[in-house]
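1. Mind looking at a prediction? Sequence and model below.
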Amino acid sequence: AQKVTQAQTEISVVEKEDVTLDCVYETRDTTYYLFWYKQPPSGELVFLIRRNSFDEQNEISGRYSWNFQKSTSSFNFTITASQVVDSAVYFCALSGVDQFYFGTGTSLTVIP
Amino acid sequence: DVKVTQSSRYLVKRTGEKVFLECVQDMDHENMFWYRQDPGLGLRLIYFSYDVKMKEKGDIPEGYSVSREKKERFSLILESASTNQTSMYLCASSWTSGMNEQFFGPGTRLTVL
């Protein structure tokens, strides 16, 4: 069965702190894709990153970085030097052949 | 830029009414999806479509139906709205399947009284 677990329901950090959002997945597929989305208070989900199962290289984009480890079935997301604009709900998702499987989301609040 | 639009941001209906939620995408995507989002439950797939006039049930199709008469438009229908269908409804579209990211609309917050 396909499943994504985001164990952290809510996280609060003070501005400029680093924060890591955890994502653990389950799949029997050998080829799959992992995604992160951001949902700001406005409501629209914004795509952040896609990773395929054959590429375990970490990725950095500005203050954002992602750590993909197949050995632990994890795809964690770190925000460095958090800002108030990072306050949002973040979703991790797993894609198989035909559909996405989303985690329940982590609500991040960055306190000024 | 891909744009996915939904007919309403907020909608209030009464129990038993027939409700139509419309979604339009402008990037010629083959795939379209309807989700509902509830606190603590994340996004749950209601229906999806890979082509015109084609539909597949997602994880929670009960109480819903869909229509895709044109490639760019995917409608979600609540035949007889009930209070437990009060939720945020999100439409998404993507190229082909699996590997491609989904692009989301702004959502429709539906309240059924």
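-> Ah, there it is. Residues are numbered from 1 along each chain as shown, chains lettered A, B, ... in the order given.

2. List the beta-bridge partners for the residue lying closest to B:Glu56 once chain neighbours are set aside.
-> With sequence-adjacent residues excluded and distances taken as CB to CB, 6 or more residues apart in numbering or on different chains, B:Glu56 is closest to B:Phe48, at 5.4 Å. (C-beta placed from N, C-alpha, C; glycine too.) Beta bridges link B:Phe48 to B:Phe33, B:Glu56, judged by DSSP bridges.

3. got the residue ranges for the helices in chain B?
-> Secondary structure of chain B, counting by DSSP state H: no helices present.

4. who in it is up against chain A?
-> By CB under 8 Å from any CB of the partner chain, the residues of chain B that approach chain A are B:33, B:35, B:40-45, B:48, B:56, B:58, B:88, B:90, B:92, B:97-99, B:101-107, B:109.

5. Put the buried members of the residues you listed into a ChimeraX selection.
-> Here is the ChimeraX command that picks out the buried ones among these, judged by 16 or more other CB atoms under 10 Å in any protein chain shown:
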select /B:33,35,42,43,44,45,48,58,90,92,97,98,101,102,103,104,105,106,107,109
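
6. what's the spacing between the most centrally placed residue in chain B and chain A?
-> In chain B, the centroid-proximal residue (CA atoms, centre = their mean) is B:Trp34; its distance is 2.8 Å. Shown here: B:Trp34 relative to chain A, a distance of 12 Å by CB to the nearest CB, to the nearest Å.

7. circling back to that earlier point, quick one: the residue nearest to B:Glu56 and B:Phe33 touch, right?
-> Yes: using CB atoms under 8 Å as the test, B:Phe48 is close enough to B:Phe33 to be in contact (4.5 Å).

8. about what we covered before: among the residues of chain B next to chain A, which are in strands?
-> With strands defined by DSSP state E, the entries of the residues of chain B next to chain A inside them are B:33, B:35, B:42-45, B:48, B:56, B:88, B:90, B:92, B:103-104, B:109.

9. List the buried residues for the lowest-mean-pLDDT helix or strand in chain A?
-> One helix or strand of chain A scores below all others by mean pLDDT, DSSP states H and E: strand A:59-61, with a mean of 88. Residues of strand A:59-61 classed as buried under the neighbour-count rule (16+ other CB under 10 Å) do not occur.

10. immediately after it, which helix or strand?
-> Sequence-wise, the next helix or strand downstream of strand A:59-61 (DSSP states H and E) is strand A:64-69.

11. show me where pLDDT drops low in the chain?
-> All of this refers to chain A. A:98 (pLDDT under 70).

12. could you do chain B instead?
-> With pLDDT under 70 as the threshold, chain B has low-confidence stretches at B:1-2, B:97-98.

13. Now do the least confident helix or strand of chain A: everything it contacts.
-> The set of residues that contact strand A:59-61 without belonging to it, under CB atoms under 8 Å, 6 or more residues apart in numbering or on different chains, is A:49, A:51, A:65-66.

14. Kindly check the end-to-end length of stretch B:70-82 for me.
-> Separation of the first and last residues of stretch B:70-82 by CA to CA, to the nearest Å is 28 Å.
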